[in-house]
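Asks: Provided below for reference: sequence and predicted model.
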Amino acid sequence: MLNIILIICEVIVAYIAMTLLYKKYKTDGLITYTIIATIISNLMCLKKIDMLNTELPLGLGITMSILIAINIITQNKGKEEVNNFLVIILVSSLVSLCFFNLSGLIESADINKYANKSYDSIFTYNLRIYLANTITLLVTTFLSSRLYFMLKILKNKIILSNIFTIVIVEFIDNIIFMLIAYLFTMDTYNLILAIILRYIIKLIIGIFGTIPILMTKKMIKE
């Protein structure tokens, strides 16, 4: 129950921060948010949590919020603007990975040595998960922008465009991430269960992400 409450808080903070940054700085605000959210997402996914007796990676809310930010850009600027965000996500992931690995190679002090050893080994043992998250972000960002834009042209309904995009893209997202990150390290039953549960949770988070999309659209009209 506590994990569910924490995920809800994570989603609320992420969506509020995204909306406020867009209100104040428009596209530049979303660029800033995407950089910060990408780094946080790549860190949080390295930790597992227990959800309904199933192990899931942390950071579902912050990762989903990046996709919502992309949908906001697609809605208000068009799909071509998303290419810049793909570069931002890739560079943010690579730079943060380099810095965290380099800091892990630096000789640690004897004070608090157990915490230092944990930090030094975090990327050594979880590089596969880190890469899975980065690859998934890039693939789903590209797919989401194209699909959302196509639905926008056909229907021009924000709610329908976002929900249908989330339903399809998150299905692909969960399969890619879980297979890259956990194939051969989890038994088949638990892997399938984790894919389904992760999909349902992110689907719910994504549907609520329609709210900041509607709010940012209203800001433009005002």
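Replies: Good, I have the coordinates. Residues are numbered from 1 along each chain as shown.

Asks: Spatially central residue for this protein, please.
Replies: T63 (1.5 Å; C-alpha atoms, centre = their mean).

Asks: how about the residue in the chain sticking out farthest from the centre, secondary structure?
Replies: What lies farthest from the middle of the chain is D110; by C-alpha atoms, centre = their mean that is 35.5 Å. Put simply, D110 is coil when judged by DSSP: H, G, I helix; E, B strand; the rest coil.

Asks: if we can go back for a sec, which SSE is the residue nearest to the centre of the chain in?
Replies: Under the criterion of DSSP states H and E, T63 resides in helix 60-76.

Asks: ranges for the helices of this protein?
Replies: Along the chain, the segments classed as helices by DSSP state H run 2-25, 27-44, 60-76, 82-105, 113-154, 158-182, 188-208, 210-221.

Asks: returning to what we had before: who does the helix holding T63 touch, helix- and strand-wise?
Replies: helix 2-25, helix 27-44, helix 82-105, helix 113-154, helix 158-182, helix 188-208, helix 210-221 (3 or more C-beta pairs under 8 Å, 6 or more residues apart in numbering; DSSP states H and E). Using the backbone N, CA and C atoms, a C-beta is placed for each residue, glycine as well.

Asks: now these as a markdown table including mean pLDDT?
Replies: Compiled in a markdown table, those are given as follows (pLDDT from 0 to 100):
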| stretch | mean pLDDT |
| --- | --- |
| helix 2-25 | 94 |
| helix 27-44 | 94 |
| helix 82-105 | 87 |
| helix 113-154 | 84 |
| helix 158-182 | 94 |
| helix 188-208 | 95 |
| helix 210-221 | 86 |
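
Asks: And these: which comes nearest N53?
Replies: helix 188-208 (8.9 Å; C-beta to C-beta).

Asks: Using CSV, write down the CA coordinates of the closest one.
Replies: Backbone C-alpha positions of helix 188-208 (Å, rounded to 0.1, in the frame of the first residue of the first chain) are rendered in CSV as follows:
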residue,chain,number,x,y,z
THR,A,188,8.8,-16.9,-17.5
TYR,A,189,5.7,-16.7,-15.2
ASN,A,190,7.0,-13.8,-13.1
LEU,A,191,8.3,-12.0,-16.2
ILE,A,192,4.9,-12.1,-17.9
LEU,A,193,3.2,-11.1,-14.7
ALA,A,194,5.6,-8.1,-14.3
ILE,A,195,5.0,-7.0,-17.9
ILE,A,196,1.2,-7.1,-17.4
LEU,A,197,1.2,-5.3,-14.0
ARG,A,198,3.8,-2.7,-15.2
TYR,A,199,1.6,-2.1,-18.3
ILE,A,200,-1.6,-1.6,-16.3
ILE,A,201,0.1,0.9,-13.8
LYS,A,202,1.7,2.9,-16.6
LEU,A,203,-1.6,2.9,-18.5
ILE,A,204,-3.4,4.4,-15.6
ILE,A,205,-0.6,7.0,-15.1
GLY,A,206,-0.7,7.9,-18.8
ILE,A,207,-4.5,8.3,-18.9
PHE,A,208,-4.2,10.8,-16.0
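
Asks: quick one: that helix to helix 2-25, angle?
Replies: On the basis of axes from the mean of the first three to the mean of the last three C-alpha atoms, to 10 degrees, helix 188-208 is oriented at 40 degrees to helix 2-25.
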